[in-house]
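Colleague: Sequence and predicted structure, then a few things I'm wondering about:
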Amino acid sequence: MSFCDAIWEELLPLRRAILDQPFLAELADGTLPAESFRHYMVQDSLYLAEYGRVLAIAAARAPSAAGRLEFSDGAKVAVQVEQALHQAFFVQFGVTPEMAHKAEASPACLGYTSYLASLAATRSYEELIAGILPCFWVYWEVGCAIKPRAASPNPYAAWIDTYAAPSFGEATDRVRALVDEAAANAGPATREAMARAFRYATRYEWMFWDSAYHTEGWPI
C-alpha cells in the first residue's frame, strides 16, 4: 500500500466527520444560510492567497521538473480561483470589495495558513507537500460525494461543480503521485513527519468548514 493510500485509510473517521459537516450537508441541499457561505468565501479567499504562496515555495523547492511544473501551475490556479470563482460569488452573495478588503482571517483560517507557511519555511520539502495535499484530496472527495445528491437548482452549484470536475480530480492525482514518490524515497522519520503534516492539515479542513458554519470570529 502506498504512503498516500495508507494515511488516507487511517484518516477514514476524520474524512467521514468532514462529509457529515452540517455546512456541507446544507450546501448540498441548497439550504445553507447565505451568511455562512459568505463567511466561508471570504475566508477561503484569504486562505487561497496564502495557499498560492505556499504552492509557489513548493515549486521552488521541488527536486524534479514534474514537481516544479505541478506546484507552479497549482499556485497559478489558486490565484485564478480566488479572482474568478470567488468574485462571482461575492457579487451573487453581496460581498462588496470593501468588505473583502477589510476581512480578517478567522482563527481557523489563520491557524491553517500559518501552519502551512511554517512547513514551507522550516520543514522538509517532503513534509511540505504532504501538508499541501489534503486541500486537494479532501475537496475532491467532498465534491464527488456532494455532486450526486445535490439539489437542483442550487445556489451553490458552481462551487460543487468546481470540486467535482474531472480536471480537479486529475490535479489531485498528480499531487498525490508526487507525495507518494517523495515518501518512497524518504526514510522512516521523514515519512512519519509527512504523515503528521497530512493529519494536521486534514484536521484544519474540518475546522475550516465548522468555523464557516458558525461564522466564527475572534472571541476577544
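Modeller: Here it is on my side, so go on.

Colleague: Could you use CA atoms for every contact and neighbour count after this?
Modeller: Noted.

Colleague: Centroid-nearest residue for this protein?
Modeller: Cys135 (2.7 Å; CA atoms, centre = their mean).

Colleague: Now do the SS call for it.
Modeller: The three-state assignment at Cys135 reads helix, by DSSP: H, G, I helix; E, B strand; the rest coil.

Colleague: So, low pLDDT: which residues of this structure?
Modeller: 82, 85-86 (pLDDT under 70).

Colleague: show me the contacts for the residue nearest to the centre of the chain.
Modeller: Contact analysis of Cys135 by CA atoms under 8 Å, 6 or more residues apart in numbering lists 201-202, 205.

Colleague: helices or strands up against the lengthiest helix in the chain?
Modeller: Longest helix in the chain, counting residues (DSSP state H): helix 34-61. Counting contacts by 3 or more CA pairs under 8 Å, 6 or more residues apart in numbering; DSSP states H and E, helix 34-61 packs against helix 65-83, helix 85-92, helix 107-122, helix 125-146, helix 188-213.

Colleague: what's the helix or strand for Cys4?
Modeller: helix 3-10 (DSSP states H and E).

Colleague: Touching that helix from outside, list them.
Modeller: So helix 3-10 is in contact with 176, 179-180, 183-184, 195, 198, going by CA under 8 Å, 6+ apart.

Colleague: Which among those count as buried?
Modeller: 176, 179-180, 183, 195, 198 (16 or more other CA atoms under 10 Å).

Colleague: List just the nearest of these to Leu32.
Modeller: Minimum distance to Leu32 across these is 28.4 Å, recorded for Phe198 (CA to CA).

Colleague: could you list every residue that touches the closest one?
Modeller: So Phe198 contacts 7, 130-134 (CA under 8 Å, 6+ apart).

Colleague: just to revisit the earlier point, nearest to Asp29, out of the helices and strands packed on helix 34-61?
Modeller: helix 125-146 (9.0 Å).

Colleague: for the helix holding Cys4, which positions count as buried?
Modeller: By neighbour count on 16+ other CA under 10 Å, the buried set for helix 3-10 is 3-4, 7-8.

Colleague: same thing with stretch 181-200?
Modeller: 182-183, 190-191, 193-199.

Colleague: Greatest separation within those: which pair is it?
Modeller: So, these by CA to CA: farthest apart are Ala182 and Arg199, at 16.9 Å.

Colleague: now what about stretch 94-109, what contacts it?
Modeller: 38, 42-44, 46-47, 89-90, 204, 207-208, 211, 216-218.

Colleague: Next, the distance between the ends of that stretch.
Modeller: End-to-end distance for stretch 94-109, by CA to CA, to the nearest Å: 21 Å.

Colleague: Over to stretch 90-106?
Modeller: 18 Å.

Colleague: Please compute how far it lies from its chain's middle.
Modeller: 20 Å (CA atoms, centre = their mean, to the nearest Å).

Colleague: With stretch 208-220 instead?
Modeller: For stretch 208-220, the distance to the chain centre is 17 Å (CA atoms, centre = their mean).
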